[in-house]
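A.B. asks: predicted structure and sequence below. I'll ask about it afterward.
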Amino acid sequence: MPNKKELAIATNEKLSKYSTFQIGGPADFFYKLEDPADLIPLFKFAKKKKIPYFIMGGGSNILFDDNGFRGLVIKIDNKNISLSPGPKGSILLTADAGVSIASILDFSIKNDLSGLESWVGLPGTVGGAVYGNAGCNGLETSEILTEASVLDDKNCRIRKVPNNYFNFKYRQSKVKTSKEIVLSATFKLEKRTMSAEDQKKMMTEIRQSRIAKQPFGASTGSFFKNPSKAVPAGRLIEQAGLKGKTIGQAQISTKHGNFLVNLGGATSQDILKLARFARQAVKLKFGLTLQEEVQILSANGLQKL
Ligand SMILES: Cc1cc2nc3c(=O)[nH]c(=O)nc-3n(C[C@H](O)[C@H](O)[C@H](O)COP(=O)(O)OP(=O)(O)OC[C@H]3O[C@@H](n4cnc5c(N)ncnc54)[C@H](O)[C@@H]3O)c2cc1C
């Protein structure tokens, strides 16, 4: 009988290390998943211990709790990328869910491909992007994803599903409710037709415009969803006079009203209080209730603001 693989499950792992907010206490158990085959023994482990599990990618859209998580955090960390021919001369780039957006962009550029330039500076992983239909500069995940592999923890079946399976909407996908785990995704790209120099120039311009608009501090990007394209949450927060508003070590950025920034040593409670304050102020002034874009993980599971 072959030996069962020993899973290197860490204990009391500080989640702040894995969060762009740099906030979060210890997870009771933590596992970096490089091989999806490990998911089945991990589910068994969680079931045996009667604890929940939580999937994360790059940690750029999660507020972890100061008290950590009383369960198993699985950080998706599989890293393969490959290319194959697509329809009408297009090229399909398939990346594991744990690959960063920066890496697929880099890979596409090195292979003389075009299509991902708008995502310069977009943090997070492929799995996180599918989960939240991430996007910027006019390009959302839904517009270039052709199919993805997902795993359902109830039957541990891996399925390849097409784009329309996800019911993508603004910062929304089916995975948010189905709780499936994204294992990989395929994006439709094109062979580069502009010169390499022009492509580089285009990306430099996009990068510079991001830098001009966004603060540097530890954050999760936009905290709230925009109520509509014409009404960005950041503008509402700014017009409510809240830029620079500080609670504890959490601040509404002086540069961008929708960025809540950890000034250093902010607690999850500082961030939550500040977010609720902003939501209340916007409700009073404009009658609109902001919905959080960020996923808030309490010690026992996902919670609402
Ligand atoms: C400075 C900054 C700027 C940002 N700008 C933008 C922007 O312009 N546009 C934008 O859309 N977002 C932006 N964000 C937010 C963030 O980058 C995106 O939401 C990103 O897609 C999150 O990916 P992640 O891998 O970090 O996910 P995580 O933060 O790790 O997780 C987010 C959610 O996705 C789920 N998840 C992650 N991986 C998987 C998987 N494999 N299968 C199933 N569920 C999964 C998690 O359970 C969690 O609920 C910004 C963030 C920062 C810090």
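C.D. replies: Yes, it's here.
A.B. asks: please enumerate the helices of the stretch 51-200 of the chain.
C.D. replies: For the stretch 51-200 of the chain, the helices defined by DSSP state H, counting those that start in this stretch occupy 101-110, 126-132, 141-144, 175-178, 196-213.
A.B. asks: next one: the stretch 201-305 of the chain
C.D. replies: Counting by DSSP H, counting those that start in this stretch, the helices of the stretch 201-305 of the chain are 233-239, 268-286.
A.B. asks: would you mind putting the ones you listed into TSV with distance to L302 and mean neighbour count alongside?
C.D. replies: No exception for glycine: its C-beta is placed from N, CA and C like everyone else's. Output for those, formatted as TSV (distance: least, CB to CB, whole Å; neighbours: other CB atoms under 10 Å):
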stretch	distance to L302	mean neighbour count
helix 233-239	20	20
helix 268-286	13	18
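A.B. asks: nearest to E292, out of those helices?
C.D. replies: For E292, the closest of the helices of the stretch 201-305 of the chain is helix 268-286, at 6.7 Å, according to CB to CB.
A.B. asks: for the closest one, what does the pLDDT average out to?
C.D. replies: For helix 268-286, the mean pLDDT works out to 98.
A.B. asks: got any ranges where the stretch 1-150 of the chain has weak pLDDT?
C.D. replies: 1-4 (pLDDT under 70).
A.B. asks: 50 instead, please
C.D. replies: 1-2 (pLDDT under 50).
A.B. asks: closest one to G86 among the helices of the stretch 51-200 of the chain?
C.D. replies: Nearest to G86, of the helices of the stretch 51-200 of the chain and by CB to CB, is helix 141-144 at 10.9 Å.
A.B. asks: was I right to think I252 contacts A281?
C.D. replies: No - I252 lies out of contact with A281 (CB atoms under 8 Å); the separation is 10.0 Å.
A.B. asks: what would the helices of the stretch 201-305 of the chain look like in a markdown table with distance to A218?
C.D. replies: Formatted as a markdown table, those follow (distance: least, CB to CB, whole Å):
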| stretch | distance to A218 |
| --- | --- |
| helix 233-239 | 18 |
| helix 268-286 | 10 |
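A.B. asks: out of these, the one nearest the ligand is which?
C.D. replies: helix 233-239 (11.7 Å; CB to the nearest ligand atom).
A.B. asks: the closest one vs the ligand: in contact?
C.D. replies: No - Helix 233-239 stays clear of the ligand (CB under 6 Å from any ligand atom), getting no nearer than 11.7 Å.
A.B. asks: likewise stretch 78-85?
C.D. replies: No - Stretch 78-85 does not reach the ligand (CB under 6 Å from any ligand atom); its nearest approach is 8.9 Å.
A.B. asks: what does the protein put close to the ligand?
C.D. replies: 20, 55-62, 76, 97, 122-125, 127-129, 131-132, 134-136, 175, 181-182, 214, 219-221, 295.
A.B. asks: the closest residue to G264 other than its chain neighbours: neighbouring residues, count only.
C.D. replies: Spatial nearest neighbour of G264, chain neighbours left out: Q249 (6.0 Å); criterion: CB to CB, 6 or more residues apart in numbering. Using other CB atoms under 10 Å, Q249 has 16 neighbouring residues.
A.B. asks: mind checking pLDDT for Q249?
C.D. replies: Confidence score, pLDDT, at Q249: 98.
A.B. asks: G265 touches A250, doesn't it?
C.D. replies: No - at 9.8 Å, G265 does not count as touching A250 under the criterion of CB under 8 Å.
A.B. asks: any residues in contact with both of I252 and A281?
C.D. replies: Common contacts of I252 and A281 (CB atoms under 8 Å, 6 or more residues apart in numbering): 237, 242.
A.B. asks: thinking again about what came up before, so between G265 and A250, which is more surrounded?
C.D. replies: Neighbour count, other CB under 10 Å: between G265 and A250, A250 has more, with 26 against 11.
A.B. asks: so who does the more buried one touch?
C.D. replies: Residues counted as contacts of A250 (CB under 8 Å, 6+ apart) are 260-263, 266-267, 270-271, 273-274.
A.B. asks: how about 10 Å then?
C.D. replies: For A250, the contacting residues are 21, 23, 219, 260-263, 265-275, 277, by CB atoms under 10 Å, 6 or more residues apart in numbering.
A.B. asks: from the ligand, how far out is it?
C.D. replies: Using CB to the nearest ligand atom, to the nearest Å, we find A250 at a distance of 15 Å from the ligand.
A.B. asks: sorry, back to before: now for G265 and A250: what residues contact both?
C.D. replies: Common contacts of G265 and A250 (CB under 10 Å, 6+ apart): I23.
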